[in-house]
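*Asks:* Give me the fold of what follows.
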Amino acid sequence: MAQTGAFLSRQLELRPDAPALSDSLGTSWSFAELDQAAEAGAALLRRTSAKRGDRVMILSENSAAAVAFLFACWKLGAVAVMVNARQSGAEVQRILDHATPAVVVCTSAVSPDALAHADRLGATAQQGVFGSVHLARPYASNADASLHDVAVLLYTTGTTGAPKGVMLTHDNLCFGGQASADLRQMSDKDLVYGVLPITHVFGLASVVVAACSAGAAVRLEARFSAAKLFAALQDGVTLLSAVPQMHALLMQYTAEQGLKALGSEKLRYVSSGAAPLDPSWKRKAEAFYGVALQNGYGMTETTAGVCATKNPIGAADISTGPALPGVEVKIGGETPAGCAEVLTRGPHVMKGYYKDRVATEQVLGPDGWLRTGDLGQLDAKGHLHILGRLKELIIHGGFNVYPPEVEAALNDHPNVVQSAVIGRAIEGDEEVLAFVQLAEGDTTTAEALAAFVKPRLAGYKRPARIILTHDLPAAPTGKILKHRLMAVFADQLD
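*Replies:* From the prediction side, this is the model:
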């Protein structure tokens, strides 16, 4: 079994004093300093009685401290449960109840939301070479032997609304990190911009782990800012992975500065993920950056990467590219909708869902093929084109939004009869639309419902529009016909 921490060990041997990462708090560490911070973090975890096989939740936004405790978990032999601090208290609690971590590390210095969670959990402040964090001990140490090879648990929400912990092994992360580094031809000369959340598989595997494997430095940002990204791209960043919304906001900011193009001398690689590419938008982005815009396809269950492009600038290809080396992709049998599902197999595929054998067997066959739940086709070159989603997953701002979770929050309101949530494509992104049925004669407003769900949902999950009605289109069985919502309410949508 590979060990992800070996990437850091290799950099310690080769170039200990080279820059490893920096963050928005002004922290700047070499690889040796990152290792020292991780050792200190591991020692702190041991003092809390955490041990091999325990889960350690890292409730965070991007920061040096979060990376230090990630490596600290691996030094200890614990499993890092990476959770975005911007999630609500109720969302975090569901994960806590499922993962039962022995320790929760809140990166309170960089994240007001992490500090709020720390207060709710009764966490205590801790200071060390890893920075300032808060620690809570919600559960007793309860090592799980089934996690002996697991590096991280990353939680998604299934169609039932219950959290599902994706078990990614050290082998998964080592393969995914190395594949991402090879794809981007990362080297120790690179500076990678790290604004994609490291609590998400893309930021974790394709940025942090990939950079460590190649000896590249990472500039971490807790939250996206077009102004900060612009400054970073003028100050040595060579690799940028982002979602379309970030690219669009950067282009808008640059235009406001009176510039037509970025004009960065060192930027050499740009990718856009989490949403389909539009040909005209791709051309516009390449003219702006002056380099090719690469595309790809992946999901949490595949350690981020399945396919990716390596196109020259100006290429008309808007596919997600061919399978990565060592990865298999095929189009499965007909689905009930009459389309074909994307299947993938290889060392990138998760071990399974934690404590959920049934859900694991539904997507992961004994032959190793993973059912992605996405619909696609392979062209004559073997490039994958994603046509739609078998699931109802919405990807907004690079984050996964699951309609049942949003619907559950809306349905908690006493005046709501039922609700239906769908995604609508907008330029470079998807927005969340909610259609809410109220009782006849009820006068509840959309503003009141938005205020009601605000504390129940992370910001990226909240509906951009709430359409109120006294009747939703439904089948004779009572099932809401989501495919008819856009047409039925077309006059109320922009």
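*Asks:* per-domain residue ranges of the chain.
*Replies:* The chain breaks down into these domains under automatic domain parsing: 6-183, 224-389, 394-492.
*Asks:* any chance of those in a markdown table, with mean pLDDT too?
*Replies:* Conversion of the domains of the chain to a markdown table gives the following (pLDDT from 0 to 100):
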| stretch | mean pLDDT |
| --- | --- |
| domain 6-183 | 94 |
| domain 224-389 | 89 |
| domain 394-492 | 85 |
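*Asks:* Looking at the ones you listed, which one is packed in the most?
*Replies:* Ranked by mean neighbour count, these are led by domain 6-183 with a mean of 21 (mean count of other Cβ atoms under 10 Å). C-betas here are computed from N, CA, C, even on glycine.
*Asks:* List the single closest residue to V453 in space, sequence neighbours excluded.
*Replies:* A409 (4.5 Å; Cβ to Cβ, 6 or more residues apart in numbering).
*Asks:* Which of the three states applies to the one you found?
*Replies:* Using DSSP: H, G, I helix; E, B strand; the rest coil, the structure places A409 in helix.
*Asks:* I figured it hits P455, correct?
*Replies:* No. If you go by Cβ atoms under 8 Å, A409 and P455 don't touch, sitting 9.4 Å apart.
*Asks:* closest one to A217 among the domains of the chain?
*Replies:* domain 6-183 (4.2 Å; Cβ to Cβ).
*Asks:* distance between the ends of that closest one?
*Replies:* The straight-line separation of the ends of domain 6-183 (Cα to Cα, to the nearest Å) is 20 Å.
*Asks:* for stretch 212-228, same thing?
*Replies:* Stretch 212-228 stretches 23 Å from its first residue to its last (Cα to Cα).
*Asks:* how far away is the residue most central in space within the chain from G298?
*Replies:* Central residue of the chain (Cα atoms, centre = their mean): H200, 2.8 Å from the mean position. Between H200 and G298 the computed distance is 11 Å (Cβ to Cβ, to the nearest Å).
*Asks:* what's the answer for R371, then?
*Replies:* 15 Å.
*Asks:* As a check, name the ranges of all strands in the stretch 301-450 of the chain.
*Replies:* For the stretch 301-450 of the chain, the strands defined by DSSP state E, counting those that start in this stretch cover 307-308, 328-334, 340-345, 352-353, 370-378, 384-389, 394-396, 399-401, 416-426, 429-438.
*Asks:* Mind giving me the packing neighbours of the first one?
*Replies:* If I follow you right, that is strand 307-308. strand 293-297 (3 or more Cβ pairs under 8 Å, 6 or more residues apart in numbering; DSSP states H and E).
*Asks:* mind redoing it with 10 Å?
*Replies:* Contacts defined by 3 or more Cβ pairs under 10 Å, 6 or more residues apart in numbering; DSSP states H and E place strand 307-308 against helix 170-184, strand 293-297, strand 384-389.
*Asks:* ok, now the last one?
*Replies:* Under the contact criterion of 3+ Cβ pairs under 10 Å, 6+ apart, the helices and strands touching strand 429-438 comprise helix 244-256, strand 394-396, strand 399-401, helix 403-411, strand 416-426, helix 446-453, strand 465-469, helix 485-488.
*Asks:* Give the partner strands of that strand in its sheet and their orientations.
*Replies:* Strand pairing for strand 429-438, determined by DSSP bridges: strand 416-426 (antiparallel), strand 465-469 (parallel).
*Asks:* got the angle for the last one vs helix 446-453?
*Replies:* Between the axes of strand 465-469 and helix 446-453, defined by axes from the mean of the first three to the mean of the last three Cα atoms, to 10 degrees, the angle is 120 degrees.
*Asks:* longest helix of the chain?
*Replies:* As assigned by DSSP state H, the longest helix anywhere in the chain is helix 31-47.
*Asks:* That one: what's the following helix or strand?
*Replies:* With elements assigned by DSSP states H and E, the helix or strand that comes after helix 31-47 is strand 55-60.
*Asks:* Report the inter-axis angle for the helix or strand following that next one versus helix 31-47.
*Replies:* Proceeding N to C from strand 55-60, the next assigned helix or strand is helix 64-76, under DSSP H and E. Helix 64-76 runs at 70 degrees relative to helix 31-47, counting by the same axes, to 10 degrees.
*Asks:* what about dumping the CA coordinates of helix 64-76 to PDB?
*Replies:* As requested, C-alpha coordinates have been extracted for helix 64-76 and formatted as PDB (Å, rounded to 0.1, in the frame of the first residue of the first chain):
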ATOM      1  CA  ALA A  64      -1.700  26.100   5.800                       C
ATOM      2  CA  ALA A  65      -3.000  24.800   9.100                       C
ATOM      3  CA  ALA A  66      -5.600  22.600   7.200                       C
ATOM      4  CA  VAL A  67      -2.800  21.000   5.100                       C
ATOM      5  CA  ALA A  68      -0.600  20.600   8.200                       C
ATOM      6  CA  PHE A  69      -3.300  18.600  10.000                       C
ATOM      7  CA  LEU A  70      -4.000  16.600   6.800                       C
ATOM      8  CA  PHE A  71      -0.500  15.300   6.800                       C
ATOM      9  CA  ALA A  72      -0.600  15.000  10.600                       C
ATOM     10  CA  CYS A  73      -3.500  12.500  10.300                       C
ATOM     11  CA  TRP A  74      -1.400  10.400   7.900                       C
ATOM     12  CA  LYS A  75       1.600  10.500  10.200                       C
ATOM     13  CA  LEU A  76      -0.700   9.200  13.000                       C
END
